[in-house]
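# Need coordinates for the following:
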Amino acid sequence: MATANPLRQILDIRRDEWPQALGMFAYFFLVITTFWILKPLKKGIFIGHYDELGFDLGGWHMNAAQAELLAKVLNMLVALVAVAVFSWLARALQRQGLTLAFSAFFVAAFVVYAAALQNPGPTTVWTFYLFGDLYSTLMVATFFAFLNDSVNPASAKRLYGLIGLGGVSGGWFGTEALRLYIKDLSTSQWMWVCLVVAILIAGLALVVGRRFDGQAVDTPAAATPAPAEEPASGNPALEGARLVFRSPYLLSVVAIVGLYEMVSTIMDFQFSSTISHYLSGDEIGVQFANVFAFTNRFAFIVQLLLTSFVMKRFGVGIALLFLPVAALAGSAAFLAAPVLLVGSALNTADNGFSYSINQSAKEALYVPTSREEKYKAKAFIDMFVQRFAKALAVGLSLLITMFFTGFESLRWLSLVTVVILILWIIAARYAGRVFAEREAQSTPA
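Numbers count the residues shown, from 1 in each chain. All right, here's what the predicted structure looks like:
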């Protein structure tokens, strides 16, 4: 038997698949580049605005990190509106059509913030924070709805490694570009950069969408045992919810997404609190930039070397376990030693796997579902469920900080994450098993 080609073990893509794969790689690259430009900017502006004076809510004086947790709760309300708008537009628009609609919205928004951020007040600070989250909520969901509607389970396992690499590369490029030029460009000028990228995304989606429209997705009906499609009427925000609650498989995806958001929010709070505790002044921004840059480099390596190999060789179910196991190790380490290095490593344990192998595996779970589920159920999960779970974690974090005011007490949050992670692993194993069954049904005998 001939020795297997190592490169083919990493990227097993057929010749006729390369144009679409590279097009979606570039599309995802541009979306995540913008996300990683917006994320540090919105976080820096928000934390910087409330770092010295704090934020007063009634009689409760919050520090900057606690005020940010409140902003994350408000993101849930924004996400609920986003679900309704996304589901309503998905009745008439799909694939590139949704991308063009949302790209036009964000182009207009970037123009508005380019002016507003020249002298930001509290209203601009809060709305810009929510806007940054709205961008990732809509554009990432739109991208994966487009992608999942264009492939079958077998091709997903081959293509998602390379396409996901586009997102990881975009994260790396976005953080590095911001780190290198953040002192040369004002926040308002960065908005113009994001505007240009949004126009490129729209053009690229239009080109790639036309190629996909010319070919059918080879997925037998048996691979998508979905319930009857909902009529295009009623409350659009509830259409996805109805589909989700009728499917045990989609409920397992809800568990994976929701439990991840709870764990991630708690770990991010521990990460931010650790940086604030051990560092001060400009050292805080430098540490955030260095940790984000290292995390994106790590995610790039994981996506390049592990994602496609693990998904093809061991299956989507095994790929889904990498992130919760890494988070479990990180939480145990922080519980034992809440020092600067370990607290910073929480970000890498989370985002290093979340933006690479876990995202590719999680998104592949939607491939063997109906078109209604790909758009409406996925929108409900990725927008509302995700933000609702984050809000629960925020409330838990704030509750604990009310009773345990010292930094040392934050280590005990890791006990909560350990319990959540065990439930997450159970859900991931179930979802992986069902995906394998549906993949087998979609494979010709």
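# quick one: residue 104 from residue 136, how far?
Distance, residue 104 to residue 136, by CB to CB, to the nearest Å: 18 Å. To be clear about C-beta, it is placed using only N, CA and C from the backbone, and glycine gets the same treatment.
# Tell me which other helices or strands the helix or strand encompassing residue 348 touches.
Taking DSSP states H and E as the definition, one finds residue 348 inside helix 340-353. Here helix 340-353 is seen to pack against helix 248-278, helix 282-302, helix 322-336 when contacts are counted using 3 or more CB pairs under 8 Å, 6 or more residues apart in numbering; DSSP states H and E.
# mind checking which of the ones you listed is nearest residue 352?
For residue 352, the closest of the helices and strands packed on helix 340-353 is helix 282-302, at 4.2 Å, according to CB to CB.
# what's the angle from that closest one to helix 248-278?
Helix 282-302 and helix 248-278 meet at an angle of 140 degrees, taking axes from the mean of the first three to the mean of the last three CA atoms, to 10 degrees as the criterion.
# pLDDT of helix 282-302, averaged?
In this model, helix 282-302 has a mean pLDDT of 82.
# Could you check that helix and say which residues are buried?
284-285, 287-289, 291-300, 302 (16 or more other CB atoms under 10 Å).
# where does the protein have low pLDDT?
1-12, 212-237, 285, 397, 400-401, 403-405, 442-445 (pLDDT under 70).
# Residue 374 reaches residue 147, doesn't it?
No. The pair residue 374 and residue 147 fails to qualify as a contact (CB atoms under 8 Å) at a distance of 9.5 Å.
# Looking at these two, which is more packed in?
Applying other CB atoms under 10 Å to residue 374 and residue 147 shows that residue 147 carries more neighbours, namely 26 against 23.
# So what's the residue count around the closest residue to the more buried one other than its chain neighbours?
Spatial nearest neighbour of residue 147, excluding adjacent residues (CB to CB, 6 or more residues apart in numbering): residue 24 at 5.8 Å. Applying other CB under 10 Å, we find 27 residues neighbouring residue 24.
# What separation do you get for residue 24 and residue 145?
Taking CB to CB, one finds residue 24 at 12 Å from residue 145.
# do the same with residue 330
For residue 330 relative to residue 145 (CB to CB), the value is 31 Å.
# Same check on residue 353?
Taking CB to CB, one finds residue 353 at 23 Å from residue 145.
# Kindly report the same for residue 188.
Taking CB to CB, one finds residue 188 at 32 Å from residue 145.
# Tell me which of the two has more neighbours.
When residue 188 and residue 145 are compared for neighbours, residue 145 comes out ahead with 25 against 16, by other CB under 10 Å.
# give me every residue that touches the more buried one.
Residue 145 sits next to 90, 94, 95, 98, 374, 375, 378, 379 when contact means CB atoms under 8 Å, 6 or more residues apart in numbering.
# Dihedrals phi and psi, it?
phi -60, psi -40 (degrees, to the nearest 10).
# Run through the strands of the stretch 101-250 of the chain in chain order.
Per DSSP state E, counting those that start in this stretch, the stretch 101-250 of the chain carries no strands over any range.
# since we're on residue 184, how many residues are nearby?
7.
# do you know how far it is from residue 205?
30 Å.
# Over to residue 294?
31 Å.
# Let me see the ranges of the helices in the stretch 101-250 of the chain.
Using DSSP state H, counting those that start in this stretch, the helices of the stretch 101-250 of the chain run over 122-148, 153-181, 187-213, 236-245, 248-278.
# now the longest one against helix 322-336, angle please.
Using the same axes, to 10 degrees, the interaxial angle of helix 248-278 with respect to helix 322-336 works out to 30 degrees.
# what's in contact with stretch 253-265?
In contact with stretch 253-265 (CB under 8 Å, 6+ apart) are residues 72, 244, 320, 323-324, 327, 331, 350, 354, 358, 362, 365-366, 381-382, 385-390, 392-394, 396-397, 417, 420-421, 423-424, 427-428, 431.
# tell me what the helix or strand containing residue 47 is packed against?
Residue 47 belongs to helix 18-50 when elements are defined using DSSP H and E. When contacts are defined as 3+ CB pairs under 8 Å, 6+ apart, helix 18-50 packs onto helix 64-90, helix 122-148, helix 153-181, helix 187-213, helix 282-302.
# Take the ones you listed and write them to JSON lines, including distance to residue 341.
Converted to JSON lines, the helices and strands packed on helix 18-50 look like this (distance: least, CB to CB, whole Å):
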{"stretch": "helix 64-90", "distance to residue 341": "20"}
{"stretch": "helix 122-148", "distance to residue 341": "28"}
{"stretch": "helix 153-181", "distance to residue 341": "20"}
{"stretch": "helix 187-213", "distance to residue 341": "30"}
{"stretch": "helix 282-302", "distance to residue 341": "10"}
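# most packed of the ones you listed?
Mean neighbour count (mean count of other CB atoms under 10 Å) peaks for helix 153-181 among those, with a mean of 23.
# just checking, what packs against that one?
By 3+ CB pairs under 8 Å, 6+ apart, helix 153-181 packs against helix 18-50, helix 282-302, helix 308-313, helix 359-364, helix 413-442.
# For these, could you give me CSV that also reports distance to residue 268?
What follows is the helices and strands packed on helix 153-181, written out as CSV (distance: least, CB to CB, whole Å):
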stretch, distance to residue 268
helix 18-50, 10
helix 282-302, 11
helix 308-313, 26
helix 359-364, 17
helix 413-442, 11
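# Minimum distance to residue 161: which of these has it?
helix 308-313 (2.8 Å).
# Please point out which parts of that closest one sit buried.
308, 309, 310, 311, 312.
# Spatially nearest residue to the third one, not counting backbone neighbours?
Taking CB to CB, 6+ apart as the measure, residue 310 lies nearest to residue 319, with 4.8 Å between them; neighbours along the chain are not counted.
# OK, contacts around residue 248?
residue 434.
# Make 702 the starting number, not 1.
New numbering, starting at 702: the last item is residue 949.
# From residue 771, how far out is residue 893?
Applying CB to CB to residue 893 and residue 771 gives a distance of 30 Å.
# Residue 1120 now?
Distance from residue 1120 to residue 771, counting by CB to CB: 25 Å.
# count of neighbours near residue 982?
Residues near residue 982, counting by other CB under 10 Å: 8.
# show me the contacts for it.
By CB under 8 Å, 6+ apart, residue 982 has no neighbours at all.
# same question, residue 740
Counting by CB under 8 Å, 6+ apart, residue 740 touches 833, 837.
# right, and residue 864 touches residue 729 too?
Yes. Taking contacts as CB under 8 Å, residue 864 lies within contact range of residue 729: 5.9 Å.
# For the nearest residue to residue 733 once chain neighbours are set aside, list the residues it contacts.
Once flanking residues are discounted, residue 733 sits nearest to residue 871: 3.4 Å by CB to CB, 6+ apart. Counting by CB under 8 Å, 6+ apart, residue 871 touches 729, 730, 731, 732, 733, 734, 736, 737.
# And residue 845, by the same measure?
Shown in contact with residue 845 (CB under 8 Å, 6+ apart): 1064, 1067, 1079, 1083.
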